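1. A structural model of the following input is requested.
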Amino acid sequence: QVQLQESGPGLVKPSQTLSLTCTVSGGSITTNYYWNWIRQPPGKGLEWIGYISSSGSTYYSPSIKSRAAISRDTSKNQFTLQLTSVTPEDTAVYYCVRRSDPFKYDYWGQGTQVTVSS
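-> Model prediction:
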């Protein structure tokens, strides 16, 4: 059974960098899937941020591409999100999610609340 678990600080100050890690168990991040970050701001719908593929390639939403970076540590079976220059509009529950083809988001972490505030 694949499990994903997000970790990282719950409070980030404006203009700083948000860093989150997703630890995957029950399957390797180097085999056949896309590993995504998705967020949900309060009172709004889900927003896709980007992914890192099993081969290590990345792709981002155009709306956030200039500030986001997804990387991975295959030795720890983890992938990370860094979001620079955060504002209160980046306050959201952040999820790490596995996507299998075709576009099936089949395994989700429980989500972690990140608040941007001074």
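
2. who does the helix or strand containing Gln5 touch, helix- and strand-wise?
-> Following DSSP states H and E, one finds Gln5 within strand 3-7. If you count contacts as 3 or more CB pairs under 8 Å, 6 or more residues apart in numbering; DSSP states H and E, strand 3-7 packs onto strand 18-25, strand 92-100, strand 104-108. For the C-beta atoms, the positions are set from N, CA and C on the backbone; glycine is no exception.

3. in the sheet, who's paired with the spatially most central residue of the chain?
-> Centroid-nearest residue in the chain, with CA atoms, centre = their mean: Trp37, separated by 2.7 Å. Bridge pairing for Trp37 (DSSP bridges) gives the partners Gly50, Cys96.

4. who's in contact with stretch 18-31?
-> 1-9, 12, 33, 35, 37, 52, 54-55, 72, 74, 76-84, 86, 90, 94, 96, 98, 109, 112, 114, 116 (CB atoms under 8 Å, 6 or more residues apart in numbering).

5. my bad, should have said stretch 59-72
-> So stretch 59-72 is contacted by 29, 35, 37, 47-53, 56, 58, 78-85 (CB under 8 Å, 6+ apart).

6. buried subset of those residues?
-> 29, 35, 37, 48-53, 58, 78-81, 83 (16 or more other CB atoms under 10 Å).

7. burial measure for Val86, as a count.
-> Val86 is flanked by 18 other residues according to other CB atoms under 10 Å.

8. thinking it is in contact with Gln16, fair?
-> Yes - counting by CB atoms under 8 Å, Gln16 is a contact partner of Val86 at 6.1 Å.

9. give me the common contacts of these two.
-> By CB under 8 Å, 6+ apart, no residue touches both Val86 and Gln16.
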